[in-house]
Structures are given as C-alpha cells and as structure tokens.
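S.K.: Give me the fold of what follows.
(one chain, ligands or ions: 2)
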Amino acid sequence: MKKNKIAELLAKILSFLLDLIAPPKCSVCSDLLEESGELCPRCLKYFTDAMNRRCPLCLKTPRACTCKPRNLFETTDIGEKKLISLTFFAKADSTDKGDIVSRKLVYKIKKSYDRTGARFAARELSHQLLKLFAKNKLNIEDWNITYPPRSKVEAKKYGFDQSKQLAKLISEYTGMNFCSCFDRKNAKMQKNLNAAERRINADNTYFLRDDVDVKGKKFVIVDDVITTGSTINACASLLISAGATDVFPVSVSRTKKKRRIPKRNSPAKLWFKKKYGF
Ligand SMILES: [Zn+2]
Ligand SMILES: [Zn+2]
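M.R.: Ligands and ions are numbered 1, 2, ... in the order given. Coordinates of the predicted model:
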C-alpha cells in the first residue's frame with residue numbers, strides 16, 4: 001500500500017517536471033495549452049466548423065455523406081454502408097480557417113513525431129463509431145479494427161505508421177479487437193498516380209497476411225486520408241474474398257466530390273457547331 005502511494009507521488013512529480021520542461025502545446029498551432037487536451041479552444045472551434053461543413057452534392061456532413069469516392073467498394077458487395085470521415089480534405093489554397101486546421105491536423109498525423117494529433121483524431125473517430133454502432137444496435141466488441149500499412153520507406157522515414165497508430169488507439173477507446181491483417185509488397189507511392197493507376201497499384205500492393213484468419217469476422221478499416229478510395233477498396237476486397245462478413249471504412253479526412261459543372265463551349269463542341277451548325 002505504502003509502495004503504491006510513493007509510486008503515485010513520484011509519477012505526479014515526474015509529470016509536473018515534464019510539464020515544466022515541455023509544457024503541453026496545441027497540436028495544430030503550437031500555442032501553450034491551459035487545460036489538458038490536444039487542441040487549443042480556437043483550433044478546436046475551427047475543427048468543429050470543418051466537421052460540420054456540408055458536401056456540395058448531398059448536403060450532408062462528412063460523417064453522413066453518402067457520395068463515396070467513386071471506386072470505393074465497387075468490386076465488393078457490402079451493401080449500402082456509408083463512409084465516416086471527420087472532415088473533407090480541403091485544397092491547399094483554401095483560406096478558410098476550418099480547412100486550414102483540418103489540413104494541418106492531417107499533416108501532423110502523417111508526418112510529425114508528436115502524436116497528440118493522432119490521439120485527438122482517434123478519439124473523435126471512436127466517438128463517432130460508438131454513436132453509429134449504438135444507433136444501429138451493433139455490438140462494437142464483435143468487430144475488428146485494421147488498417148492499410150504504410151510503405152516501408154515512409155514508415156522508416158517518419159518512424160511510425162500513422163494508420164496503424166490510429167487503429168490501435170481506436171481499438172483502445174472502443175473495445176474493438178486490433179488486427180494487423182495486411183502486408184505491403186510494392187513500394188510505389190499512391191500520391192503521384194492518377195485514379196486508374198492508383199487502383200491497379202493498390203490491387204498489387206496489399207496482401208492478406210498468412211497468419212490471420214478473417215473468416216466470418218467483421219472489420220472496420222481506418223486510414224488517415226481517403227482520396228480515390230482505391231487503397232481501402234483493395235484491402236476491403238482482400239478481406240471479403242477471404243471470408244470476412246462485413247467491412248466498414250473510416251478516415252480522418254477524405255476528398256470531397258465536386259459538383260459537376262457541364263462544360264460549355266469546349267473546343268470540340270465549337271468545332272462541331274462550326275461544321276454542322278448545331
Ligand atoms: Zn491551436
Ligand atoms: Zn455527399
């Protein structure tokens with residue numbers, strides 16, 4: 001008993017000293033934090049604004065928007081499961097504060113050794129997942145959480161695999177079983193490829209590990225950003241073809257579908273009009 005109290009006291013002194021040396025800072029703007037947490041009140045407000053932004057097509061929030069990236073799950077039949085994301089990934093030139101904060105948070109999760117941003121995003125995603133599962137009367141502890149692994153080159157460069165960390169944290173927060181299901185063999189990066197190339201590359205990149213049995217199991221797959229959906233689609237297809245019964249994607253951020261503006265007076269159309277008169 002006495003030993004426990006001494007240990008407790010030592011832990012308190014240690015955390016006090018750590019706060020003195022490296023006081024907690026906002027994960028996005030690096031302002032000093034007055035209260036415990038990861039984001040300062042101002043960044044938190046901007047992030048909440050971004051979470052409540054509407055999709056231009058379906059007018060729903062990123063948590064409820066049903067306009068999935070085009071090829072998400074097109075090869076599998078998992079029903080009308082929507083995709084949960086915390087925010088829409090904004091263009092780099094956006095001057096909107098909410099866009100800037102959510103973009104910075106994603107970069108922190110991807111690149112910074114400071115993991116407070118990842119913890120914040122994992123907690124928010126867990127909160128959304130718990131709400132959704134409760135609403136649909138599903139027992140979250142029957143589900144497994146997995147992730148598409150980072151390329152070995154990037155994992156080495158940054159010293160961590162961000163999606164694996166997100167999956168681990170979400171498993172801690174929700175009680176879902178953590179599972180490393182995939183291996184990655186091709187080192188080609190997705191970011192410099194177009195949509196069709198991404199799909200082919202993703203299909204050749206991820207492999208189900210020999211030592212995991214996914215038959216009859218249900219999975220949530222988490223990734224930091226979903227762009228075309230080809231990575232998560234490739235992983236979902238692997239799980240489904242190996243007998244998994246359900247796959248559900250979540251991400252911190254995803255690209256927003258643009259409203260299609262019909263092209264008027266394209267060169268081809270003008271040529272046609274000139275030649276045929278209509
Ligand atoms: Zn801040
Ligand atoms: Zn939508």
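
S.K.: Ligand 2 versus the closest residue to ligand 1 within the stretch 151-278 of the chain, what's the distance?
M.R.: Residue nearest to ligand 1 within the stretch 151-278 of the chain: Val252 (17.0 Å; Cβ to the ion). Every residue, glycine included, has its C-beta placed from N, CA and C. Distance from Val252 to ligand 2, counting by Cβ to the ion, to the nearest Å: 17 Å.

S.K.: Could you do Thr245 as well?
M.R.: Separation of Thr245 from ligand 2 (Cβ to the ion): 27 Å.

S.K.: thought that residue was touching Lys218?
M.R.: Yes. Using Cβ atoms under 8 Å, Thr245 is in contact with Lys218, at 5.7 Å.

S.K.: So which of the two has more stuff around it?
M.R.: Legend: neighbour count by other Cβ atoms under 10 Å for Thr245 and Lys218, higher for Lys218 (19 against 13).

S.K.: Give me the pLDDT value at the residue lying closest to that one once chain neighbours are set aside.
M.R.: Leaving out its chain neighbours, the residue that sits closest to Lys218 by Cβ to Cβ, 6 or more residues apart in numbering is Asp246, at 4.0 Å. Taken from the predicted model, the pLDDT recorded for Asp246 is 87.

S.K.: Look up phi and psi at Asp246.
M.R.: The phi and psi torsions at Asp246 (degrees, to the nearest 10) take the values phi -150, psi 140.

S.K.: Please work out how many residues are found near it.
M.R.: Using other Cβ under 10 Å, Asp246 has 19 other residues around it.

S.K.: ditto for Thr95
M.R.: Neighbour tally, Thr95, other Cβ under 10 Å: 7.

S.K.: try Lys111
M.R.: Close neighbours of Lys111, defined as other Cβ under 10 Å, add up to 14.

S.K.: Flag the shaky bits of this structure, pLDDT-wise.
M.R.: Applying pLDDT under 70 to the chain picks out residues 1, 70-82, 186-188, 257-268, 272, 277-278.

S.K.: Contact residues of it facing ligand 1?
M.R.: Neighbours of ligand 1 within the chain, by Cβ under 5 Å from the ion: Cys26, Val28, Cys29, Asp31, Cys40, Cys43.

S.K.: Hmm, Leu39 and the second one touching each other?
M.R.: Going back to what we said before, that points to Val28. Yes. Contact between Val28 and Leu39 holds when scored by Cβ under 8 Å: they sit 6.0 Å apart.

S.K.: quick one, which of the two is more surrounded?
M.R.: More neighbours surround Val28 than the other of Val28 and Leu39, with 25 against 22 (other Cβ under 10 Å).

S.K.: Touching both of Val28 and Leu39, which residues are there?
M.R.: Phe47 (Cβ atoms under 8 Å, 6 or more residues apart in numbering).
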